[in-house]
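A.B. asks: sequence first, then the predicted structure, then my questions.
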Amino acid sequence: MSKLSPKFQRLGCSLRASALVLSAAALASCVAQVRVAGPPPPAVYVAPAAVDLQVREAPPPLPDYDQPPCPEDGYLWTPGYWAWGAGGYYWVPGTWVQPPRVGVLWTPGYWGFVGGAYVFHAGYWGPHVGFYGGVNYGFGYVGTGFAGGVWVGNAFSYNRAVTNINVTVVHNTYNTTVVNNVTVNRVSYNGGAGTSATPTGQEQAAAREQHVPPTPMQQQHLQQAAKNPALFAHANGGHPPIAATPRPTAFNAPDAVAAHGRGPQENRPQFARQEASQTPAPKPNQAQKQNPNPKKKKNQKDKPHPKKQKDEANR
């Protein structure tokens with residue numbers, strides 16, 4: 001077999017090299033077109049005011065009840081509301097709660113009628129009170145904002161005009177009349193035949209702030225209410241026997257109150273749900289004048305009238 005000349009040998013090597021380069025380029029092109037699935041996108045944050053539950057049945061009207069006294073400094077009021085369970089609507093009693101940290105306020109949850117269904121928007125803690133459907137829960141929650149108190153530094157100051165405060169227990173207080181510009185009724189949801197309120201600019205800004213979910217004690221309070229058959233609307237006719245408690249889960253506490261309208265055994269403490277006008281506390285000397293016949297001490301006998309003593313002596 002004859003050998004190729006050096007010239008053709010060099011040409012053959014050049015052709016083989018070109019073929020290798022083209023093959024490598026084609027392979028690189030194929031590799032470049034392979035698409036490897038990347039990591040899944042991060043979960044989208046859903047604001048606490050987002051839809052939590054939806055049902056076809058309207059919630060009952062809010063019951064009329066009184067507020068238990070604040071148990072001690074630092075507790076904030078969270079109004080009662082109707083929740084939904086396997087047995088229908090049940091009442092979650094209003095209660096005084098320790099906030100998760102200093103400086104936050106409670107935005108109550110609310111029901112809204114949207115697209116033929118009643119949807120629940122869960123409550124949350126935040127620097128400002130957000131939108132809660134325009135529902136008048138009372139005790140400072142008149143449908144928008146909160147008038148029951150303010151944070152002053154690291155201490156919470158309570159408005160005695162709309163909250164039940166024992167000043168011998170709670171010392172940071174003020175007294176400012178609340179002007180209620182919304183219709184006072186017991187409707188418990190927004191939209192449809194309920195309230196027609198829409199979020200204000202401040203409430204929309206509050207919805208975008210960092211929120212804190214309900215505390216573990218609030219969760220326990222909700223769970224305990226769901227296990228109590230007497231709190232379901234079909235059992236109490238919209239008048240729960242436990243409408244409010246002094247602390248979370250304290251359903252049997254002496255200061256726990258029932259809704260009005262439950263007959264002779266209903267518990268009616270001294271502070272009504274509706275916002276009250278400003279009434280200054282009487283001074284000690286005024287209180288004495290208002291009660292000229294104070295309660296007698298035990299075993300104390302009435303002294304006979306002098307004229308009566310003289311008449312008896314002349315008999």
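C.D. replies: Sure, I can see it. Numbering: from 1, shown residues only.

A.B. asks: flag the shaky bits of this protein, pLDDT-wise.
C.D. replies: 1-52, 180-184, 262-315 (pLDDT under 70).

A.B. asks: how about the strands in it?
C.D. replies: Assigned by DSSP state E, the chain shows strands spanning 51-55, 76-78, 81-85, 88-92, 94-97, 105-107, 110-114, 117-121, 124-126, 149-152, 155-159, 173-174, 189-190, 244-245.

A.B. asks: which one of these lies nearest to Ala233?
C.D. replies: With CB to CB as the measure, strand 88-92 is the member of those nearest Ala233 (4.4 Å). Backbone N, C-alpha and C define where each C-beta goes, glycine included.

A.B. asks: and the closest one, what's buried?
C.D. replies: Buried residues in strand 88-92, defined by neighbour count with 16 or more other CB atoms under 10 Å: Tyr89, Tyr90, Trp91, Val92.

A.B. asks: ok and it relative to strand 117-121, angle-wise?
C.D. replies: 30 degrees (axes from the mean of the first three to the mean of the last three CA atoms, to 10 degrees).

A.B. asks: which residues sit against strand 88-92?
C.D. replies: For strand 88-92, the external contacting residues (CB atoms under 8 Å, 6 or more residues apart in numbering) are 57, 59-60, 63, 80-84, 221-222, 225-226, 228, 231-234, 236, 240, 242-243.

A.B. asks: just to revisit the earlier point, let me have the strands of the chain in CSV, adding distance to Thr200 as columns.
C.D. replies: Output for the strands of the chain, formatted as CSV (distance: least, CB to CB, whole Å):
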stretch, distance to Thr200
strand 51-55, 21
strand 76-78, 22
strand 81-85, 21
strand 88-92, 26
strand 94-97, 24
strand 105-107, 13
strand 110-114, 15
strand 117-121, 16
strand 124-126, 15
strand 149-152, 19
strand 155-159, 21
strand 173-174, 24
strand 189-190, 14
strand 244-245, 28
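
A.B. asks: relative to Glu203, which of those is closest?
C.D. replies: For the strands of the chain, the distance to Glu203 is smallest for strand 105-107, at 8.8 Å, taking CB to CB.

A.B. asks: the closest one pairs with which strands?
C.D. replies: Strand 105-107 has the following sheet partners, assigned by DSSP bridges: strand 124-126 (antiparallel).

A.B. asks: which residue, other than its chain neighbours, is closest to Gly261?
C.D. replies: His239 (4.7 Å; CB to CB, 6 or more residues apart in numbering).

A.B. asks: got the contact list for that neighbour?
C.D. replies: Taking CB under 8 Å, 6+ apart as the criterion, His239 is in contact with Pro63, Ala258, Ala259, His260, Gly261, Arg262.

A.B. asks: from memory the first one sits against Ile242, does it?
C.D. replies: No. With contacts counted by CB atoms under 8 Å, Pro63 stays clear of Ile242, the gap being 10.6 Å.

A.B. asks: picking up where we left off before, which among the buried residues of strand 88-92 gets closest to Thr168?
C.D. replies: Using CB to CB, Val92 is the member of those that lies nearest Thr168, at 29.6 Å.

A.B. asks: still on that earlier bit, just the buried ones from the contacts of His239?
C.D. replies: Buried among the contacts of His239 by 16+ other CB under 10 Å: Pro63, Ala258, Ala259, His260, Arg262.

A.B. asks: look up the closest residue to the first one, ignoring the ones flanking it.
C.D. replies: Spatially, and ignoring its direct neighbours in sequence, Pro63 is nearest to Ala259 (3.7 Å; CB to CB, 6+ apart).

A.B. asks: show me the contacts for the one you found.
C.D. replies: Contacts of Ala259 (CB under 8 Å, 6+ apart): Pro63, Asp64, Tyr65, Asn236, Gly238, His239, Pro240, Pro241, Ala243, Glu266.

A.B. asks: how close does the fourth one sit to Ala250?
C.D. replies: So that's Asn236. Going from Asn236 to Ala250 by CB to CB, to the nearest Å gives 19 Å.

A.B. asks: who has more neighbours, those two?
C.D. replies: Between Asn236 and Ala250, Asn236 has the larger neighbour count (other CB atoms under 10 Å), namely 22 against 19.

A.B. asks: what sits against the spatially closest residue to that one that is not a sequence neighbour?
C.D. replies: With CB to CB, 6+ apart as the criterion, Asn236 has its nearest non-adjacent residue at 6.2 Å, and that residue is Ala230. By CB under 8 Å, 6+ apart, Ala230 lies in contact with Asn236, Pro240, Pro241, Ile242.

A.B. asks: one more time with 10 Å
C.D. replies: Under the criterion of CB atoms under 10 Å, 6 or more residues apart in numbering, the neighbours of Ala230 are Tyr90, Trp91, Asn236, Pro240, Pro241, Ile242, Phe251.

A.B. asks: one more: Arg101?
C.D. replies: Applying CB under 10 Å, 6+ apart, the residues near Arg101 are Trp125, Val212.
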